[in-house]
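Colleague: Generate a structure from the sequence data that follows.
(one chain, ligands or ions: 1)
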Amino acid sequence: MKKANIILDRDYQIGRIDKRLFGSFIEHLGRAVYGGIYEPDHPLADELGFRTDVIKAVRDLCVPLVRYPGGNFVSGFNWEDSVGPRESRPKRLDLAWFTTETNEVGLHEFAQWAEKVNSEIMYAVNLGTRGPQEARDIVEYANHPGNSRFSDMRIANGRKDPFGIRLWCLGNEMDGPWQMGQKTAYEYGRIANESAKMMKWVDPSIEVVACGSSSSEMPTFGDWELTMLNECYENIDYVSLHRYYANPTGDTAGFLARTMDMDDFIRSVVSICDAVKGKKHSKKQINLSFDEWNVWYHSRQQDEEIWKREKWNRALPLLEDVYNFEDALLAGSMLITLMRNADRVRIACLAQLVNVIAPIMTRSQGGCWAQTIYYPFMHASRYGRGTALQAIVDSPAYDCSDYENVPILDAIATLGDDGSLTLFAVNRDLTEPCCVSLDLRAFGDLRMTEHIVLHHDDVHAVNTEENPNEVVPASCPLTQPDGGRADILLPALSWNVIRFA
Ligand code: AHR
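Modeller: Take a look at the predicted model:
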């Protein structure tokens, strides 16, 4: 058995956790919208055509923010297509995903759905094939009270009160050659600046996110951020980060160490933001929006085959990764990484939410079930609210393909506003449990109320419609602290949520 020490103290504060750290993402892609959240002829559809089983699964997951409508999709999207009478909305070829977008669901319908699942919308504007004018128009449509062309159009379309969308993405992954309207960093920085300015002139209460690099692996990563921020620093509020991990070779130890890369990525972007701040003698701090993160690789081959067979169909079953147990462990570690950086990462979106690289799956005309990654997200979103506390971890470490000295324990604690304390920890050790000596002396009397563990003997175990409970959390026996210390056993390869009152 491995042994480790963790010290927690209410004074080791990282910062307040913004609830928007537990956001997710619905793109007009694959079966996320059509056949996912929206399936009017499903037996469980509500009066608006939304699946009530999916609504329940999203509510239980606790998702305060949903990014919409893309993704790559947004870079060719005309927002005007998605509003007004449904029968006159155009069908468009979507060049991002080679499908046909019918626009049956648009801003009004999505806002109704978001309300049902208790989420705010983070709306992305098209800065690929369009520009600042269309960006300010949609802000006017969504947020202006009335008596102007676009706000009156919204009212005529049946929505008197503004949607009040507070958070806006200035395009998506504009550095990527796969993006419609790809730009150089300078071109993008200029357009982002002018769009942000005009959007905020329409509604000064909004916040905007500028596109950082689409991954830290882009050859232009770093330079892109520097050049782009140099053009738009004073008018934007956040820089986006996107990162997906994969384990194509079956190297679990290396895969679980990928959050070392995520931490480096975050620290690099923070340094660049602060360097530009210094250079500009600015008083303003730019924070981070990690608005796409997940594991993504299981479905790539399948997608190529789908496109060979049936390009341009509606709602192609794209990006339908089936997540296994080790993916849930990495998702847990990614959540820990986000909370550990909560002082600068204020917004994050698990990409995505339903059917498309998603925690929630559905079958058309069939059931709805939770994938393995559903559980760490649900725990983090439910209990990771309040203040993030640095966990001082002293644990054995291992070397793997890309990293040396990877601690077997990845941990973070949160202090809830009700005084409750939650420790989130992943034991990355492949074979041995870890006995953690937890020092809680700084908190006085604490009582352990729950120890939830997610573990499976097979890292490849998955949940399916037929067998939805193969990988599900279980409760462990409680170990009450004695003199402010508790020895807690974390199984080999496990996600743990340990709660104290
Ligand atoms: O989330 C799937 C896709 O990944 C998004 O559309 C894009 O932004 C990213 O490349």
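Colleague: Quick one: mean pLDDT over stretch 315-332.
Modeller: Averaged across stretch 315-332, the pLDDT comes to 98.
Colleague: Stretch 416-429 too?
Modeller: For stretch 416-429, the per-residue pLDDT averages 96.
Colleague: Pull out the buried positions in that stretch.
Modeller: 416, 420-429 (16 or more other C-beta atoms under 10 Å). All C-beta atoms are positioned from the backbone trio N, CA, C, and that covers glycine.
Colleague: got it, and stretch 478-493?
Modeller: Buried positions in stretch 478-493, judged by neighbour count with 16+ other C-beta under 10 Å: 481, 486, 488-493.
Colleague: same check, this time on stretch 54-69
Modeller: For stretch 54-69, by 16+ other C-beta under 10 Å, it's 54-55, 57-58, 61-69.
Colleague: Which of those residues fall within helices?
Modeller: Of these, the ones assigned to helices by DSSP state H are 54-55, 57-58, 61.
Colleague: Could you list the residues of the protein in contact with the ligand?
Modeller: When proximity is defined by C-beta under 6 Å from any ligand atom, the chain lies next to the ligand at 27, 70-72, 172-173, 214, 292, 351-352.
Colleague: Out of these, which end up buried?
Modeller: Buried among those (16+ other C-beta under 10 Å): 27, 70-72, 172-173, 214, 292, 351-352.
Colleague: Using CSV, write out every CA atom in stretch 317-331.
Modeller: This file holds the C-alpha atoms of stretch 317-331, laid out as CSV (Å, rounded to 0.1, in the frame of the first residue of the first chain):
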residue,chain,number,x,y,z
PRO,A,317,-24.2,10.5,-35.1
LEU,A,318,-20.8,12.3,-34.9
LEU,A,319,-18.3,12.4,-32.1
GLU,A,320,-20.2,9.8,-30.1
ASP,A,321,-17.3,8.8,-27.8
VAL,A,322,-18.1,6.0,-25.4
TYR,A,323,-16.2,6.9,-22.3
ASN,A,324,-14.6,4.3,-20.1
PHE,A,325,-13.5,4.3,-16.5
GLU,A,326,-10.0,5.7,-17.0
ASP,A,327,-11.6,8.6,-18.9
ALA,A,328,-13.7,9.4,-15.8
LEU,A,329,-10.5,9.5,-13.8
LEU,A,330,-8.8,11.9,-16.2
ALA,A,331,-12.0,14.0,-16.2
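Colleague: follow-up on the earlier one: just give me the closest of the buried residues of stretch 416-429 to Ile373.
Modeller: Proximity to Ile373 was ranked across these by C-beta to C-beta; first place goes to Val426, at 13.0 Å.
Colleague: Where does this structure get nearest to the ligand, residue-wise?
Modeller: In the chain, no residue comes nearer to the ligand than Gly71, which is 2.9 Å away by C-beta to the nearest ligand atom.
Colleague: How about that residue: what's its closest non-neighbour residue?
Modeller: Glu27 (3.6 Å; C-beta to C-beta, 6 or more residues apart in numbering).
Colleague: and if you look at His379?
Modeller: Val497 (4.6 Å).
Colleague: can you confirm the one you found is in a helix?
Modeller: No: checked against DSSP: H, G, I helix; E, B strand; the rest coil, Val497 lies outside a helix; its state is strand.
Colleague: Save the residues of the chain next to the ligand as TSV, and put in secondary structure and pLDDT too.
Modeller: Output for these, formatted as TSV (DSSP: H, G, I helix; E, B strand; the rest coil; pLDDT from 0 to 100):
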residue	secondary structure	pLDDT
Glu27	coil	98
Gly70	coil	97
Gly71	coil	97
Asn72	helix	98
Asn172	coil	98
Glu173	coil	98
Ser214	coil	97
Glu292	strand	98
Ala351	coil	98
Gln352	coil	97
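Colleague: which of those sit farthest apart?
Modeller: The most widely separated members of the residues of the chain next to the ligand, counting by C-beta to C-beta, are Ser214 and Gln352 (15.4 Å).
Colleague: Mind splitting the protein into its structural domains?
Modeller: Split into domains by automatic domain parsing, the chain comes to 2-9+390-500, 18-385.
Colleague: all helices for the stretch 151-300 of the chain, in order.
Modeller: Using DSSP state H, counting those that start in this stretch, the helices found in the stretch 151-300 of the chain span residues 185-202, 223-232, 252-256, 258-279, 300-310.
Colleague: For Arg385, which of the ones you listed is the nearest?
Modeller: That would be, of the helices of the stretch 151-300 of the chain and by C-beta to C-beta, helix 258-279, which comes in at 20.2 Å.
Colleague: With only the CA atoms kept, save that closest one in CSV.
Modeller: What follows is helix 258-279, C-alpha atoms only, in CSV (Å, rounded to 0.1, in the frame of the first residue of the first chain):
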residue,chain,number,x,y,z
ARG,A,258,-2.0,14.6,-18.9
THR,A,259,-3.3,17.2,-16.3
MET,A,260,0.4,18.1,-15.8
ASP,A,261,0.1,19.5,-19.3
MET,A,262,-3.2,21.1,-18.6
ASP,A,263,-1.6,22.9,-15.5
ASP,A,264,1.3,24.1,-17.7
PHE,A,265,-1.1,25.3,-20.4
ILE,A,266,-3.0,27.4,-17.8
ARG,A,267,0.1,28.8,-16.3
SER,A,268,1.5,29.8,-19.7
VAL,A,269,-1.6,31.6,-20.7
VAL,A,270,-1.8,33.4,-17.4
SER,A,271,1.9,34.5,-17.8
ILE,A,272,1.1,35.8,-21.3
CYS,A,273,-1.9,37.7,-20.2
ASP,A,274,0.1,39.3,-17.4
ALA,A,275,3.0,40.1,-19.7
VAL,A,276,0.7,42.0,-22.0
LYS,A,277,-0.8,43.7,-19.0
GLY,A,278,2.7,44.8,-17.9
LYS,A,279,3.6,45.9,-21.4
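Colleague: Buried ones in that helix, by neighbour count?
Modeller: Neighbour counts using 16+ other C-beta under 10 Å place 258-263, 265-266, 268-270, 272-273, 276-277 of helix 258-279 among the buried residues.
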